[in-house]
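Chemist: got a sequence here, can you model it:
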Amino acid sequence: MQEFSHPLGDTVKRARGEQELTQRQVADKIDVDVRTILNIENYKGNPKMTVLFPLIRALKIDSREIFNPEMQRESPAIRQLRFIIEECNEQEAEALIPVIESVLSVIRQKNTDKI
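Modeler: Presented below is the predicted three-dimensional model:
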């Protein structure tokens, strides 16, 4: 199989596991046969964009993990924050900025006080 099959399979399997989803549940979410997910995770799949795009979106995968696997992976918490923010509209993002800055200020101050 092509060299992209391992990053794709590993990433799909990891993301599915983090979300505690079965292969069947993922397949149902994106309306494909469960064998498609099985083949991807076993490095035998060569999915078309019509499968890959909904799969990445359904599992909230950062596509860089698949297409640039040499990049250092973000922690699960950073990845989750990124997807939450990316799903915000402009008004929600603007409202969150002062909240996030305030929370970070408190956390950083507490960390400074410990030193």
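
Chemist: only C-alpha atoms from now on, for both contacts and neighbour counts.
Modeler: Fine.

Chemist: chain neighbours aside, what residue packs nearest to Ile30?
Modeler: Take Ile30 and drop its neighbours on the chain: the residue closest to it by CA to CA, 6 or more residues apart in numbering is Pro54, 6.0 Å away.

Chemist: gap between the one you found and Thr11?
Modeler: 14 Å (CA to CA, to the nearest Å).

Chemist: higher neighbour count, the two?
Modeler: Between Pro54 and Thr11, counting by other CA atoms under 10 Å, Thr11 is the more crowded of the two (22 against 14).

Chemist: from Thr50, how far off is the more buried one?
Modeler: 18 Å.

Chemist: average pLDDT for stretch 97-106, rounded please.
Modeler: Stretch 97-106 carries an average pLDDT of 94.

Chemist: show me where this structure has its helices.
Modeler: 5-18, 23-30, 34-41, 49-58, 64-67, 76-86, 90-114 (DSSP state H).

Chemist: how far does the first one sit from its chain's centre?
Modeler: Here the centre of helix 5-18 is set off from its chain's centre by 10 Å, with CA atoms, centre = their mean, to the nearest Å.

Chemist: list the buried residues of it.
Modeler: Neighbour counts over helix 5-18 (16 or more other CA atoms under 10 Å) mark 5-13, 15-16 as buried.

Chemist: turn those residues into CSV, columns for distance to Thr36 and pLDDT.
Modeler: As requested, the buried residues of helix 5-18 are exported to CSV (distance: CA to CA, whole Å; pLDDT from 0 to 100):
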residue, distance to Thr36, pLDDT
Ser5, 13, 85
His6, 15, 90
Pro7, 16, 90
Leu8, 13, 92
Gly9, 11, 94
Asp10, 14, 92
Thr11, 15, 92
Val12, 12, 95
Lys13, 13, 96
Ala15, 16, 94
Arg16, 14, 96
